[in-house]
Structure formats: C-alpha cells, structure tokens
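# any chance you can model this:
(chains A, B, C and D)
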Protein chains: 2
Amino acid sequence: MAAADRTKDPVRTSVWLEGRPAPRRRSEQPAGLDRDKIVAATVRLLDSEGLAKFSMRRLAAELGVTAMSVYWYVDTKDDLLELALDSVTGEIPLPEENEAADWRDSLRLLAAAYRNLLVTHPWVSRLMGEYLNVGPQAMAFATAAQRVVRASGLTPEQLPGAMALVYQFAYGFGTIEGGFTARCQEAGISQDDFLRRVTGAIEDRPEFEESRDMVGARGDSTVEEMRTRDFDIALDCAIAGIEAMRGRTAGS
Amino acid sequence: MAAADRTKDPVRTSVWLEGRPAPRRRSEQPAGLDRDKIVAATVRLLDSEGLAKFSMRRLAAELGVTAMSVYWYVDTKDDLLELALDSVTGEIPLPEENEAADWRDSLRLLAAAYRNLLVTHPWVSRLMGEYLNVGPQAMAFATAAQRVVRASGLTPEQLPGAMALVYQFAYGFGTIEGGFTARCQEAGISQDDFLRRVTGAIEDRPEFEESRDMVGARGDSTVEEMRTRDFDIALDCAIAGIEAMRGRTAGS
DNA sequence: ACCTGAACACCGTTCAAGT
DNA sequence: ACCTGAACACCGTTCAAGT
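Prediction:
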C-alpha cells in the first residue's frame, strides 16, 4: 500500500498515520481559522474546564464560529484530541543530545517533567490511555526517554522493562495526582481541604477503620510536599534497581 | 458533622462516603431489579462494549426496563460506575494474611493480578483515574498491597514511595496494555495484526524514521509474550531497587 | 475554499404521574 | 415502594446549501 493511495481505513489507528497532511493555508480565511488556532483553543478549554465539559460546540463558541466550521480542519473530535495531546507533549523539556550529564540526573529531570505534564493537564492521561500517541512530539519524547535509560548500561533485553518501570510509574503517579487536583479544582477547594474532608468522612464511618492510616496526612506536610517526596523516593528506588540489574544475566 | 445528618453535599467525594446506605430489598419487586443486578449488568456491558458506548439507556434496555428505573437504585451514572469499579476490584486474589511466603513472590503475584484486572477490564483504568476509589474492595486491595511491601523491611518513610513505584507502574502498564487490547477488540483484529498495521504505516512515512526500532516486534515473539517479559523484568528491577534501598538513610 | 443551518440519532437527568 | 413517559438541555456528525 503506497502512501499516495492510502485513504479512509475502517480500522482507525491515529491521526498521525492517516495519509492526509494538514491542509495548508494560502490566504486570509473569512473567520481566520486555522488548525493551530483550533488546537490551541482546544488545549485552553481542556485546561480550564476539563475533558468532560469539552465539546465541539463549546469549542466553536470559543472560536466565535459555528460548530461545523471546525470540521473543515479536523475529521473528528478524536482526531482533534489527538492533536491537542501531541501539542502539550511538546511542553516537556528534553535533555540535550550531547550532554555529558549523569544519566540518573537526566532521568530524574525527564520523569519529573512527565509527571508535571500529567498534573498541569489532567486530561492528558486519559488521552494517552485511549490513543496510540505516535505524534511527532510524543515520538521525540519517547526517543529521548529511551536514550536516557540506555545510558544506564543495561542490556538490550533489559531496556524495555526498565523503561516501562520508570515511565509507566511516572504515568500512573501523574494520573492519580492529576485526577485529584482536577477534582479539587472542579469543587473549588484546596487539595489539603479536600483531603481533610475525605479523612473526616472516613473517620465517621466504622467500616473504614483499618484503612485510616493509609489516607491521612503524614506529619505536618502539605499534600503537595508529601507527593513530591514519595515521587522522589520512588525514582531513587527505580534507579537503585537499574544499577543492581546491570550485569545480571537472564535468570539470576 | 454526625453520620446521621450527612446528606447531599455540593462537593462530591465518592459514593462510598455518602451517608445513604444501599437500599435493602424487602420483597419481590415488579421488575425484580436490584442494586447488585444493576452493577453486574453494568460490568457485563462495560466489558463487552466499552465505556464509550455505555449509557444509562443502554443499560436499562439490557435490564428490560425504562431508563429511569435504574435511578431508583442509584443516584447518578458516576455513582454506578464507582460501584462497578469496586465490584471488579474484588476479582483481585489477595494473599493470605498469615502466609509465610517471601514478600517478593507475594508482590509479583499481586502486581500481576493488578495488571490482569486492568487488561481484562480496560475501562477500569479510566475510572480509577477519575474517582477516589475508596470502596471496600479497593480498600482491601490497598491494605494487602501495603502489607506485602511492608514485609520488605523498608522504613516507614520509604514505604509510600516504594508502594507508588510498584503499583503505579502496574497501573500505567496495565492501562496502556488495556487500551491497546480494547482498541484491537473494537476493530475486530488481533493484537499482532494491529501492530503489523501500525509498523507498516510507519515504514511508509519518512518522518517516523528514527522511531522505527521502538515500535516494531522484537525477535519472533508475539505481542503478548513481549509484554509479559517486559513486565516481569520491570518488577525484578523494582524489587532489586527495594532491596538496595533497605537500610539506606535519607540522603544517601 | 471555507462556513452555515437544519436535521438525525443520541446523551444524563428532572419531574410529575402512574400502580 | 417501585416504575413509567414526557420533557429539557445537551451531545457528535451528516448533508445540502450558501458565499
């Protein structure tokens, strides 16, 4: 199947794998619409109101245009969300190619940036789980992520497992954290207040007795501090694991 | 705020933290409806058709009843989904309390079971990211999960980080895996065929050149084998990390 | 080439009414 | 106590029509 005759495929894979390139603009359009402008407005709306409230009609209103105008630049809502996903993925700062830095430091920076993306854009997690995520920015991140872990000196057989450990951990961590912050934002309440509210509700009910110590605050830390500490310790642990794996053979 | 007068709260936390207990049935109802039956039907529908296609109207049709009948047993769709989430969480086999087994083995079993839950019910991941997940089954799992990692001998300061590393990794891994299998099932295509299709599309397009080795198959393994291998290696790595962290002080 | 309007087949949920 | 029907305010998307 040549690139030229690739057209509508019944099995949807990804916007990025469709034959059709983004339509290029030639001159001033009536409404001044634009794929980039549409994606930017999408990201803005997703950030401020969340994925659940986002709709093509809402987006069109934001752009001062009819709902159907957007469909000139984008095939479906799914495609648009994929574009928005890749767009914010580009916000992750990637380490320099020829940097002499220790791979542990690079790994820590990259994982923290990944976590940060998932927290500042809580809708990102769901889209990553739903779509293939093979856009250019996602690929650039994946390449950098692989390069950083490869510098640890693991064997090619160990590499994918170690990659999964670090980045899937960061994904899971950022997902739960993002869900929590989004919920608080939606309720118009601080994270610490929300936690107090939940622990309060749990204390009132006898059936939650044995799980109380898992939910409450630890010491006098704020929720944010607790989480950053746990994230750092988890990364330390993963890095220590990678170092311990180095030179191990398959069945030891 | 006593348990008795807790009523509708503008800040939604979770079904499990609402004052109202599940209404208990007294005799034969006209349609023989039931909270358990509703939740079971919900799980069945979510498994077979996915979260995107699930609706209260679709569920009602499955139960042979009007859409609004369900609302007698459940306040909102969100509440129902929370109930379904906790219901399948109970499918995870938990290790015996007084087992003399090595914590590494228990951890491997529990993490694998967690991954398995996320893959067999691909809708679970999204709900875990969206809701608080403090239902009884989720709490039982969390308790067991904590007990297993605690047996590794880490300090109380290290414990939450190590927990996060292992279980958030399993969550992230199962999420991506579940999303992939769901996509294949929806398209009516095998996972290996889907992968071949994607790699084929990537080979056709020059802009994906440098990311080709990250997507393709490795050796002659099937997709499923590759993933299990990576998952196991990642867990080995995490366990090695936990062992290396043992006895380390805060800043070493 | 770009944008609109009406229409179709859906949603979750409220509310008054039936039995 | 339990279930229904009509209605409200939404969806994503198609399709014919405008400029």
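# just name the shakiest helix or strand of chain A by mean pLDDT.
When the helices and strands of chain A are compared on mean pLDDT, DSSP states H and E, helix A:212-215 comes out lowest with a mean of 73.
# other SSEs contacting it?
Of the remaining helices and strands, those touching helix A:212-215 by 3 or more CB pairs under 8 Å, 6 or more residues apart in numbering or on different chains; DSSP states H and E are helix A:191-204, helix B:136-150. For every residue, glycine as well, the C-beta is placed using N, CA and C.
# quick one: average pLDDT of the helix or strand just after the longest one?
Beyond helix B:136-150 on the C-terminal side, the first helix or strand identified by DSSP states H and E is helix B:159-187. Taken as a whole, helix B:159-187 carries a mean pLDDT of 96.
# would you mark the buried spots in helix B:159-187?
Of the residues in helix B:159-187, those with enough neighbours to count as buried (16 or more other CB atoms under 10 Å in any protein chain shown) are B:159-184, B:187.
# is any part of it close to chain A?
Yes: using CB under 8 Å from any CB of the partner chain as the criterion, contacts between helix B:159-187 and chain A involve B:160-162, B:164-165, B:167-173, B:175-176, B:178-179, B:183, B:187.
# same for that helix, what does it pack against?
When contacts are defined as 3+ CB pairs under 8 Å, 6+ apart, helix B:159-187 sits against helix A:124-130, helix A:159-187, helix A:223-245, helix B:103-120, helix B:124-130, helix B:136-150, helix B:191-204, helix B:223-245.
# where among the ones you listed is the average confidence lowest?
helix B:191-204 (a mean of 88).
# circling back to that earlier point, could you pick out which of the buried residues of helix B:159-187 are near DNA strand D?
Near DNA strand D, judged by CB under 7 Å from any atom of the strand, there are no entries from the buried residues of helix B:159-187.
# rewinding a little: please identify the deepest-packed of the helices and strands packed on helix A:212-215.
With neighbours taken as mean count of other CB atoms under 10 Å in any protein chain shown, the helices and strands packed on helix A:212-215 reach their highest mean count in helix B:136-150, at a mean of 19.
# ok, back up a step: pull the distance from the least confident helix or strand of chain A to the chain's centre.
28 Å (CA atoms, centre = their mean, to the nearest Å).
# stretch A:58-77 now?
Averaging C-alpha positions (CA atoms, centre = their mean) puts stretch A:58-77 24 Å from its chain's average.
# that stretch and chain B, are they touching?
No: using CB under 8 Å from any CB, stretch A:58-77 stays clear of chain B, with a minimum separation of 11.5 Å.
# buried residues in that stretch, which are they?
Of all the residues in stretch A:58-77, those buried under the rule 16+ other CB under 10 Å are A:59, A:60, A:63, A:65, A:69, A:70, A:73, A:74.
# SS state for the fifth one?
Translated: residue A:69. Secondary structure assignment for residue A:69 (DSSP: H, G, I helix; E, B strand; the rest coil): helix.
# quick check: the gap between it and DNA strand D.
Distance of residue A:69 to DNA strand D, computed by CB to the nearest atom of the strand, to the nearest Å: 10 Å.
# wait, that residue touches residue A:60, no?
Yes: in this structure, residue A:69 is within contact of residue A:60 by CB atoms under 8 Å, at 6.3 Å.
# tell me who's in contact with the residue in the stretch 51-200 of chain A positioned nearest to DNA strand C.
The shortest separation between the stretch 51-200 of chain A and DNA strand C is 3.1 Å, found at residue A:66 (distances taken as CB to the nearest atom of the strand). Going by CB atoms under 8 Å, 6 or more residues apart in numbering or on different chains, residue A:66 touches residue A:60.
# mind giving me the domain split of chain A?
A:3-89, A:103-245 (automatic domain parsing).
# would CSV of these with distance to residue B:237 be doable?
CSV is the format used below for those (distance: least, CB to CB, whole Å):
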stretch, distance to residue B:237
domain A:3-89, 25
domain A:103-245, 4
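# of the buried residues of stretch A:58-77, which is the nearest to residue A:86?
Comparing the buried residues of stretch A:58-77 against residue A:86 with CB to CB picks out residue A:74 as the nearest, at 13.2 Å.
# that closest one: which element?
Per DSSP H and E: residue A:74 is located in neither a helix nor a strand.
# quick one: the residue lying farthest from the centre of chain A from residue A:212, how far?
With distances taken from the mean C-alpha point of chain A and given as CA atoms, centre = their mean, the most distant residue is residue A:206, at 37.2 Å. Here residue A:206 is placed at a distance of 11 Å from residue A:212 (CB to CB, to the nearest Å).
# can you report phi and psi for residue A:54?
Dihedral pair for residue A:54: phi -70, psi 130, per degrees, to the nearest 10.
# so it is in contact with residue A:42, correct?
Yes: when contacts are counted by CB under 8 Å, residue A:54 is listed as touching residue A:42 (7.4 Å).
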